[in-house]
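Peer 1: Everything below, folded, please.
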Amino acid sequence: MNDPVTPTTPPTPRRKPKPEATTIGNRPLKPATLMMGFGYDPSLSEGSLKPPIFQTSTFAFESAAAGKRHFEGITGKRPGGAEGLVYSRFNGPNQEILEDRLSIWDGAEDALCFSSGMTAICVLMLAYCSAGDVIVHSGPLYAASEGFVAKTLTRFGVTYLDFAAGASRDEIDAVLAQAKDMAAKQGGKVAMVYLESPANPTNALVDVEAVRDARDAVLGKGECPIVIDNTFLGPLWSRPLDHGADIVVYSLTKYVGGHSDLVAGGIAGAKAWLDPVRMLRNTMGGIADPNTSWMLLRSLETVELRMTRAGENAAKVCAFLKGHPKVEGLGYLGMIEDARQKDIFARHCTGAGSTFSVFIKGGEAESFRFLDSLKIAKLAVSLGGTETLASHPAAMTHLSVPDERKAKLGITDNLVRVSIGIEDAEDLIADFDQALAAV
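Peer 2: Below you'll find the predicted structure:
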């Protein structure tokens, strides 16, 4: 019996597109077009126009030699990862088509999908952090993200420093220099610079270009990854990888999923940055399941339409709210007054988004009265869906944040976070008007 021969080129995976799928002649196709078919060839799945849901735990290998080669990639004995389908904790057709399409929006080399946004963040941080290391992050962050750094990673010898979202280059330089000294004393390194822009829930922007320049000057070019949570603006209104970030993070539950019917997360960036995260995901699990991945593929087909409509609605609603006597202020990117924030917005953003903060005149009681009086908008803690949602961060999503830190970050008792959906804008204005009348 002849020994098996390792193929010189791996077999064509069932999920991959035809070579001409990304262009028409010399014209590169836009993301909105590629979402209809990129990463999938119907002829390899019985002609099915849409990818089937591959509800399976494992995949049959074409040969023993191929199985060995896939596991060499999975385990890291050979760089490049698996060259075919192995086991659904590692990869699957629906997940890989999804990852191909997610990378398109950010102009990324690679992408990974997860069972939730927080799973993506936790696995990412664990992949890069060791005892003695320091994480530098912007503030505020989503409370669960900040809590994982401050309450969980610190149990394993990881420390952290933070800077305000709108910090200047000099302020960022100073924090990174302090972090470098702290890491040296602890026998570690600066593991990553973790950003959230716009910040949740204040909408404060981080100057990603300044962070990149500071990282390169203080720590060394490419010495540690710059990671950014782009959930509020991505994937349509901001492409942080173009401005100096190395890895972009999403709660795919939000705008990408967009229908408030699934929970998932994702990251995108250069393969070299994502490979350590992929290896840990292979071990821990946390990959998005086939059905959720399939639903996200459905949602990606309309993400540009949904986000565009929601953004237009938000502009109209905020124009109404700006002059209302019971509104103290707005944290809306389309109405920035601070000069530095305006400059960051002009360089980093292509739209103002549809999630913003409204500061009601008064405090918690007045904010609650407003929220309880809404009829169209739903009182719920999420964003980026087809429906309009409103919540009270200080008493809900950020309740676990200490009061002193909430005050420092501007998460006040009169702040209401609003995510505008795709309803009729005039109906939404009427709803906000009557709810404010109850305050």
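Peer 1: show me the biggest helix of the protein in terms of residues.
Peer 2: Taking DSSP state H as the criterion, the chain has its longest helix at helix 303-322.
Peer 1: Send me it as PDB with only the CA atoms.
Peer 2: Extracted C-alpha coordinates of helix 303-322, given in PDB (Å, rounded to 0.1, in the frame of the first residue of the first chain):
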ATOM      1  CA  VAL A 303     -26.300  47.200   6.600                       C
ATOM      2  CA  GLU A 304     -25.600  50.200   4.400                       C
ATOM      3  CA  LEU A 305     -29.300  50.800   3.800                       C
ATOM      4  CA  ARG A 306     -30.200  50.500   7.500                       C
ATOM      5  CA  MET A 307     -27.400  52.600   8.800                       C
ATOM      6  CA  THR A 308     -28.000  55.300   6.200                       C
ATOM      7  CA  ARG A 309     -31.700  55.600   7.100                       C
ATOM      8  CA  ALA A 310     -31.000  55.600  10.800                       C
ATOM      9  CA  GLY A 311     -28.300  58.300  10.400                       C
ATOM     10  CA  GLU A 312     -30.700  60.500   8.400                       C
ATOM     11  CA  ASN A 313     -33.400  60.000  11.100                       C
ATOM     12  CA  ALA A 314     -31.000  60.800  13.900                       C
ATOM     13  CA  ALA A 315     -30.000  64.100  12.200                       C
ATOM     14  CA  LYS A 316     -33.700  65.100  12.100                       C
ATOM     15  CA  VAL A 317     -34.500  64.100  15.600                       C
ATOM     16  CA  CYS A 318     -31.400  65.900  17.000                       C
ATOM     17  CA  ALA A 319     -32.300  69.100  15.100                       C
ATOM     18  CA  PHE A 320     -35.600  69.000  17.000                       C
ATOM     19  CA  LEU A 321     -34.100  68.200  20.400                       C
ATOM     20  CA  LYS A 322     -31.300  70.800  20.200                       C
END
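Peer 1: which residues sit against that helix?
Peer 2: 31-32, 35, 235-237, 255-256, 258, 327, 330, 332, 334-335, 351-356, 358, 384, 386, 418, 420-423, 425-426, 428-429, 432-433 (C-beta atoms under 8 Å, 6 or more residues apart in numbering). In this view, the C-beta of every residue, glycine as well, is placed from N, C-alpha and C.
Peer 1: buried sites along it?
Peer 2: Residues 303-304, 306-307, 309-311, 313-315, 317-318, 320-321 are the ones in helix 303-322 that count as buried (16 or more other C-beta atoms under 10 Å).
Peer 1: I'd like the residues you listed as a markdown table, with pLDDT and distance to Lys221 appended.
Peer 2: Formatted as a markdown table, those follow (pLDDT from 0 to 100; distance: C-beta to C-beta, whole Å):
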| residue | pLDDT | distance to Lys221 |
| --- | --- | --- |
| Val303 | 98 | 33 |
| Glu304 | 98 | 34 |
| Arg306 | 98 | 38 |
| Met307 | 98 | 33 |
| Arg309 | 98 | 41 |
| Ala310 | 98 | 38 |
| Gly311 | 98 | 35 |
| Asn313 | 98 | 42 |
| Ala314 | 98 | 38 |
| Ala315 | 98 | 39 |
| Val317 | 98 | 43 |
| Cys318 | 98 | 40 |
| Phe320 | 98 | 47 |
| Leu321 | 98 | 44 |
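Peer 1: what's around Ser45, how many residues?
Peer 2: Neighbourhood size, Ser45 [other C-beta atoms under 10 Å]: 16.
Peer 1: Can you get me a residue count around the residue nearest to it when sequence neighbours are not counted?
Peer 2: Spatially, and ignoring its direct neighbours in sequence, Ser45 is nearest to Pro52 (5.7 Å; C-beta to C-beta, 6 or more residues apart in numbering). When counting by other C-beta under 10 Å, one arrives at 12 neighbours for Pro52.
Peer 1: for Pro52, helix, strand, or coil?
Peer 2: coil (DSSP: H, G, I helix; E, B strand; the rest coil).
Peer 1: for the most centrally placed residue in the chain, phi and psi?
Peer 2: Geometric centre of the chain, nearest residue: Tyr250, 1.4 Å, by C-alpha atoms, centre = their mean. Note on Tyr250: backbone dihedrals following degrees, to the nearest 10 are phi -140, psi 140.
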